[in-house]
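S.K.: Give me a 3D structure for the following:
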Amino acid sequence: MRQSTYRRIQISGVFIILSMSSLMIYWNSYQLTRQTTEISIKICPKNPPFLVGPFVFHHFNGTLEDLNNKYQKYKPELGGKFKPLECKPREKVAIIIPYRERQRHLMDFLSHMPPMLLRQQVEFTIFVIEQDPLGQFNRALMTNVGYLEALKQDNYSCFIFHDVDMYPINDNNIYKCSTSPRHLAAAVEKWKFGLPYPDYYGGVVAYPKTVMEKTNGFSNLYFGWGGEDDDLGFRLAVVGLKCVRPAAVYGRYATPVHGKDKGCPLNPDRFTLVKNAKSRIWYDGLNSVVYTVSKIEKKKIYTHMHITVDRQKQEENVKLKKIELEKKQH
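M.R.: Predicted structure coming up:
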């Protein structure tokens, strides 16, 4: 009798001897199983079925390890990349948190946000972009850094720029992007569930990648508190866009009371910068940001980036970009 040809296949450390005919049967079965699995995983519905509507914000008193254990069942990838297990998400969302010295708020955020986002069937990664403790905090610059560095990690199409101390309390406020920028914080607790003025765009905004490219991101010049949110509105106006908001009943955010940040004093130049915001859009933004990534920590449920900024170099680079632009125009 003719001797059969055999192949050796290693599966989970166990060697199985199969004849060539058996090998073909095995391979065809594998291909069919894979195709069936891919077909069975449908695209997530536009209206997620697991939403609960209004829910309550609670302070978290545990440890990061407690949260790691809590979220283990959702099988996040290292760096905190979560995705729904029951369907294929419609887009990849990067949640960017400009951050410095807010550990308690960060723990509250990490406790509060993932369960809501998973009910919304969002694929997301939380990026904590921490500016070093030297010098004045620049929230808008950290936003630019978060956008650029997140794109180095994955091909995100939606970016949600989020204050660490603002917590959504209605999961019908879906964390997604549209063709227009979305201002998600429509009703904020510290302003009696309203807004300080109609054109306020602070707290939480959702930008598709196309809008970030159109507006050249955010300004890099707002060192200290105030002005960068108004600058955002002027940038959008230059390119013919305006933020849209969810209904106030959905866009509600809890904002626990806390003291002022020591490293973020009032910016004395904010009114002058805002006044000139429209003229600076093409040379003050993503194309002129200067920073150094000193460390990247891929935690189990989020990615923590440590950023060093030299204010003098940053301001000089914006001036150089302005000169380059003027030369091209002439």
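
S.K.: can you pull out the helices in the chain?
M.R.: Ranges of helices in the chain, per DSSP state H, are 20-40, 64-71, 103-119, 139-153, 209-215, 228-238, 270-275, 277-280, 311-329.

S.K.: Glu130 is in contact with Met305, isn't it?
M.R.: Yes. Between Glu130 and Met305 there is a contact under C-beta atoms under 8 Å: 6.7 Å. Heads up, the C-betas are built off the backbone N, CA and C, glycines and all.

S.K.: Of the two, which one has the most company?
M.R.: Neighbour count, other C-beta atoms under 10 Å: between Glu130 and Met305, Met305 has more, with 24 against 20.

S.K.: where does this protein have low pLDDT?
M.R.: 1-40, 258-264 (pLDDT under 70).

S.K.: center of it - which residue?
M.R.: Ile95 (1.6 Å; C-alpha atoms, centre = their mean).

S.K.: Verify the stated contact: that residue with Thr125.
M.R.: Yes. Ile95 is within contact range of Thr125, at 7.0 Å (criterion: C-beta under 8 Å).

S.K.: which residues touch Val56?
M.R.: When contacts are counted by C-beta atoms under 8 Å, 6 or more residues apart in numbering, Val56 touches Ile169.

S.K.: What's the separation between the residue nearest to the centre of the chain and Gly194?
M.R.: 24 Å (C-beta to C-beta, to the nearest Å).

S.K.: now the residue lying closest to Gly135 once chain neighbours are set aside: how far from Phe161?
M.R.: In this structure, Gly135 finds its nearest non-sequential neighbour in Arg311, 5.7 Å apart by C-beta to C-beta, 6 or more residues apart in numbering. Distance of Arg311 to Phe161, given as C-beta to C-beta: 21 Å.

S.K.: Between these two, which is the more surrounded one?
M.R.: Phe161 (28 against 16).

S.K.: quick one: buried residues of stretch 130-144?
M.R.: Glu130, Gln131, Gln136, Phe137, Asn138, Arg139, Ala140, Leu141, Met142, Thr143, Asn144 (16 or more other C-beta atoms under 10 Å).

S.K.: any chance of those in a markdown table, with distance to Gln153 too?
M.R.: As requested, those are exported to a markdown table (distance: C-beta to C-beta, whole Å):
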| residue | distance to Gln153 |
| --- | --- |
| Glu130 | 16 |
| Gln131 | 19 |
| Gln136 | 28 |
| Phe137 | 23 |
| Asn138 | 22 |
| Arg139 | 21 |
| Ala140 | 21 |
| Leu141 | 19 |
| Met142 | 16 |
| Thr143 | 16 |
| Asn144 | 16 |
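
S.K.: now, which of those sits nearest Ser294?
M.R.: Set against Ser294, the nearest of the buried residues of stretch 130-144 by C-beta to C-beta is Glu130 (9.5 Å).

S.K.: Please tell me how far the spatially closest residue to that closest one that is not a sequence neighbour sits from Thr143.
M.R.: Spatial nearest neighbour of Glu130, chain neighbours left out: Tyr99 (4.7 Å); criterion: C-beta to C-beta, 6+ apart. Tyr99 is 11 Å from Thr143, where distance means C-beta to C-beta.

S.K.: next one: Ser219
M.R.: 10 Å.

S.K.: joint contacts of Tyr99 and Thr143?
M.R.: Listed as contacting both Tyr99 and Thr143 by C-beta under 8 Å, 6+ apart are Ile129.

S.K.: thinking again about what came up before, Tyr222 is in contact with the residue nearest to Gly135, correct?
M.R.: No. Arg311 is beyond contact range of Tyr222, at 11.1 Å (criterion: C-beta under 8 Å).

S.K.: Check the offset of stretch 105-125 from the chain's centre.
M.R.: Distance, stretch centre to chain centre, for stretch 105-125: 11 Å (C-alpha atoms, centre = their mean, to the nearest Å).

S.K.: For it, which residues meet the burial criterion?
M.R.: 105-114, 116-125.

S.K.: do stretch 183-190 as well
M.R.: Neighbour counts over stretch 183-190 (16+ other C-beta under 10 Å) mark His183, Leu184, Ala185, Ala186, Ala187, Val188, Glu189 as buried.

S.K.: returning to that earlier point: could you tell me which residues touch both of Arg311 and Tyr222?
M.R.: With C-beta under 8 Å, 6+ apart as the test, Arg311 and Tyr222 both reach Asn138.

S.K.: what's the nearest residue to Lys81 if we skip its chain neighbours?
M.R.: Per C-beta to C-beta, 6+ apart, closest to Lys81 is Thr125, 4.7 Å.

S.K.: Go ahead and confirm that neighbour touches Gly80.
M.R.: Yes. Using C-beta under 8 Å, Thr125 is in contact with Gly80, at 5.5 Å.
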